[in-house]
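S.K.: Structure for this input, please:
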Amino acid sequence: MDIKLDDLTGTEIVQLIREHLQGMTLNSPPESIHALNQDQLRKPDITFWSVWEDSVLAGCGALKELDSLHGEIKSMRTSSSHLRKGVAKRLLQHIIGEAKRRGYRQLSLETGSMDSFEPARRLYASFGFHYCKPFSDYLEDPNSVFMTLRL
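M.R.: From the prediction side, this is the model:
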C-alpha cells in the first residue's frame, strides 16, 4: 500500500469522498453528521492522504490541526472493494506517526455511536484511543462518540 498526500482533484478520490458522505447520511441523522466535503478538506489546517494499492484507490483519511499540540482525525474511509484488508490500520498508523512528528501531544476523533460504526470504534480502541468528552467545537450528542489518544 502506498499512502500519498492528495489534493482531492482526482476522480477516484472525489467519488470516495462522495461515497463517504452518502454513508454518513445513511447512518446518521443530519444534525449529527460531522464529515467534511471536498472543499472543507482543502482548508490549510487539514492534511489529506489517499491510500493506493497499485493503481487502485483503497482508502483515505485526514489530519486536522486543532492547535499546536492537538490534532483530529477526519474522513477515514476504506473503499468498499478493500474492506478488511488492513487499509484503515495502515492509514491510522501513518496519521499517528505524522501527529507525533508534528509534536502533537493528543490526537482525537469523533465517530458515530450506532452499530454501523462499531468496526471503526474497535480499530481506534486497538490503537489505545479511549472514550472522552466532546472536544473542540463538538457538543454532547447521543449519535456521536468521542475518542482520544495521548501521544
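S.K.: in this structure, which ranges drop under the pLDDT threshold?
M.R.: Within the chain, no stretch has pLDDT under 70.
S.K.: Mind naming the longest strand for it?
M.R.: Looking across the chain with DSSP state E, the single longest strand is strand 56-67.
S.K.: quick one: the next helix or strand after that one to chain centroid distance?
M.R.: In the C-terminal direction, the helix or strand that comes right after strand 56-67 (DSSP states H and E) is strand 70-78. Centre-to-centre, strand 70-78 and its host chain are 2 Å apart (CA atoms, centre = their mean, to the nearest Å).
S.K.: ditto for stretch 34-52
M.R.: On CA atoms, centre = their mean, the centre of stretch 34-52 falls 9 Å from that of its chain.
S.K.: Show me which residues of that stretch are buried.
M.R.: Neighbour counts over stretch 34-52 (16 or more other CB atoms under 10 Å) mark 34-36, 41, 46-52 as buried. C-beta coordinates here come from the backbone N, C-alpha and C atoms, glycine included.
S.K.: quick check, nearest of those to I13?
M.R.: I13 lies nearest to S50 out of the buried residues of stretch 34-52, by CB to CB, at 5.4 Å.
S.K.: and the closest one, what are its bridge partners?
M.R.: K4, C60 (DSSP bridges).
S.K.: Helices along the protein, start to end?
M.R.: 11-27, 87-101, 118-126 (DSSP state H).
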